[in-house]
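Trainee: I'll drop the sequence and a predicted model, then ask my questions.
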Amino acid sequence: MQLKKITNRQKIFLLVIFFSVIILTAANVSARDSHLDKNFVSFYQHQGYEYFLKKDSLQWEIEDSLRYVYFSYIVYDNIRPEKTNWSNEKEMAFAYDVDERKVYFVEEDGTLKFLNPEGTIAEGAGYAAGAEKIFYLVFGEKFYGTYEEDFYNNID
């Protein structure tokens, strides 16, 4: 059996393929995956972005009839993960009225904005599951209690 000689053009093509694989592998290894970091919990997704709260930033206090929960989060770019700025932490807070089963966004000036779990995205409906996760993480209790058991079992 006789081996066919590889041409220079084929050698160049193979080198390009080889180096492309090395570059792509290096890029994937260097991209941080927040899904693997146990300090991050996904609490909101919208238009290719995923919001991850930092569990070690969770703080809470009770004032009047409200339970306030404060935390830091990062916005992860699911479409272009390499564009995610891991040092750009943002702050957010929710206020929970346990008796009324209502959650509020705490604005920077301290005013409360109702998070309507049955409303539109603009009314905060997308944050309802995240608010439930955060309450469960902090207090170990269900807030709305309308989710399947797997929902609570999968909260890290």
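Mentor: Yes, it's here.

Trainee: buried stuff in the helix or strand harbouring Met92?
Mentor: Here Met92, judged by DSSP states H and E, is contained in strand 90-97. Residues of strand 90-97 classed as buried by neighbour count (16 or more other C-beta atoms under 10 Å): 92-97. C-betas here are computed from N, CA, C, even on glycine.

Trainee: low-confidence ranges, the chain, go.
Mentor: 1-4, 6, 8-36, 156 (pLDDT under 70).

Trainee: strands of that one, residue ranges please.
Mentor: 40-46, 49-54, 59-63, 66-77, 90-97, 102-106, 112-115 (DSSP state E).

Trainee: out of those, flag the one nearest Tyr144.
Mentor: Among those, the nearest to Tyr144 by C-beta to C-beta is strand 102-106 (8.5 Å).

Trainee: hmm, who's touching that closest one?
Mentor: Outside strand 102-106, the residues within contact range by C-beta atoms under 8 Å, 6 or more residues apart in numbering are 66, 68, 70, 92-97, 112-115, 117, 124, 127-128, 131, 135, 143.

Trainee: apply 7 Å and report the result again.
Mentor: Strand 102-106 has contacts (C-beta atoms under 7 Å, 6 or more residues apart in numbering) with 68, 93-96, 112-115, 124, 131.

Trainee: tabulate those (a markdown table), appending distance to Thr7.
Mentor: Below are the contacts of strand 102-106 laid out as a markdown table (distance: C-beta to C-beta, whole Å):
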| residue | distance to Thr7 |
| --- | --- |
| Tyr68 | 70 |
| Ala93 | 65 |
| Phe94 | 65 |
| Ala95 | 71 |
| Tyr96 | 70 |
| Leu112 | 72 |
| Lys113 | 68 |
| Phe114 | 70 |
| Leu115 | 65 |
| Gly124 | 63 |
| Ala131 | 63 |
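
Trainee: that concludes my questions; thank you for your assistance.
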